[in-house]
Every structure is written in structure tokens, then in C-alpha cells.
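*Asks:* Sharing a model that was predicted from the sequence below.
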Amino acid sequence: MVENTLTVGSISEGFVLDHIQAGKSMDIYKYLNLDKLDCCVAIIKNARSSKMGKKDIMKIECPIDFMDLDVLAFIDHNITINIIKDQKIVEKKALQLPKQIKNVIKCRNPRCITSIEQELDHIFILTDSESETYRCKYCEEKYDGRHRRKK
């Protein structure tokens, strides 16, 4: 019996996003605007994980300064970031839910000022970290469409 294995080479400088909830890597790709950056990105979907069962992994070969870590934490704050220099992990970063996110999600309240003033930033504030609840800064509409992992 032949076992299918996938080998993705190491990166010399950049970072690896590990422990991504299975299937969420494409959301991360979109929200971090990786398609607009001129860097190498490898996405591994549904990798085996003893801790999670299945997970996604992303290898991104560009400086971490280009990443909006608040967006990443909003999508899934359980992701581990491994920073790579000279093909070695030099630092591991853990994420925390951001207190505020700007222009990542849009308010769905048709009476909100953001529906009328098109150039106004869509700002959501973390109002309950236990339930991971965000509310619109202007009208306090609750954001309910989750991109993050359920507990």
C-alpha cells in the first residue's frame, strides 16, 4: 500500500501560521490580502494534527511587518505564528483577540451611519471577550457571522 505524502520545502525567511482551524486558510489568505503581495505562499489544508485532528498550515515567505496580526487574531486567535530567519524558527507568537477591528467586517444594520456615509470606516469593538462578541462602534449592532473557531 502506498501512503500519500506531501512535502513542502522550508522557507528561509518569513513565517509559518500553524494550528489554523481546518478550512480557514483561504479566509486568512483573503483577509490578509496575500494575493496583493509579491511573496511566496504555501497553503496546506487538512493536515493531520494530534492536537486538533485536522488543521491548515500556511507558509509565507515575506517579512511579518506586512501582516495585520489583528485581522489574523480576529479570524482565529488560536493560531501560532512561527517567525523564520535563516530557515530556523527564531520566535513564536501567540495571538489575542483584538480590542478593535477596522474595515474587516461590515455593519449589517441598514440604519447605521456606515450605511449612509460610504467613506466611513467600519469599526467593531470587542465587548465581551468570553463570548468573543464584537459590536459596531456607531450603532452597537452585534456581529454574529463568525469566522473564528467555536469553543
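*Replies:* Great, that's in hand.

*Asks:* wait, what's in contact with the spatially most central residue of the chain?
*Replies:* Centrality entry for the chain: nearest residue to the mean C-alpha point is Leu72, 2.7 Å, by CA atoms, centre = their mean. Contact analysis of Leu72 by CB atoms under 8 Å, 6 or more residues apart in numbering lists 17, 28, 31-32, 79, 81, 95. Bear in mind the C-beta positions are built from the backbone N, C-alpha and C, glycine included.

*Asks:* ranges for the strands of this protein?
*Replies:* Under the criterion DSSP state E, the chain contains strands at 13-21, 40-49, 53-61, 80-85, 88-94, 100-102, 123-128, 133-136, 142-143.

*Asks:* elements contacting the longest one?
*Replies:* Contacts defined by 3 or more CB pairs under 8 Å, 6 or more residues apart in numbering; DSSP states H and E place strand 40-49 against helix 25-31, strand 53-61.

*Asks:* Out of these, which gets the lowest mean score?
*Replies:* Mean pLDDT per stretch puts helix 25-31 lowest among these, at a mean of 88.

*Asks:* if we look at it, which residues are touching it?
*Replies:* Contact partners of helix 25-31, identified using CB under 8 Å, 6+ apart, comprise 17, 20, 34-35, 41, 43-45, 56-58, 71-72, 75-76, 104, 147.

*Asks:* 10 Å - rerun?
*Replies:* Applying CB atoms under 10 Å, 6 or more residues apart in numbering, the external contacts of helix 25-31 come out as 17, 20-21, 24, 34-35, 41, 43-46, 55-58, 60, 67-68, 71-72, 74-76, 79, 104-105, 147-148.

*Asks:* Show the buried residues in those.
*Replies:* Neighbour counting over the contacts of helix 25-31 (16 or more other CB atoms under 10 Å) leaves 17, 20-21, 24, 34, 41, 43-44, 55-58, 60, 67, 71-72, 74-76, 79, 104-105, 147-148 as the buried ones.

*Asks:* Quick one, which of the helices and strands packed on strand 40-49 gets closest to Gln100.
*Replies:* Among those, the nearest to Gln100 by CB to CB is helix 25-31 (15.7 Å).
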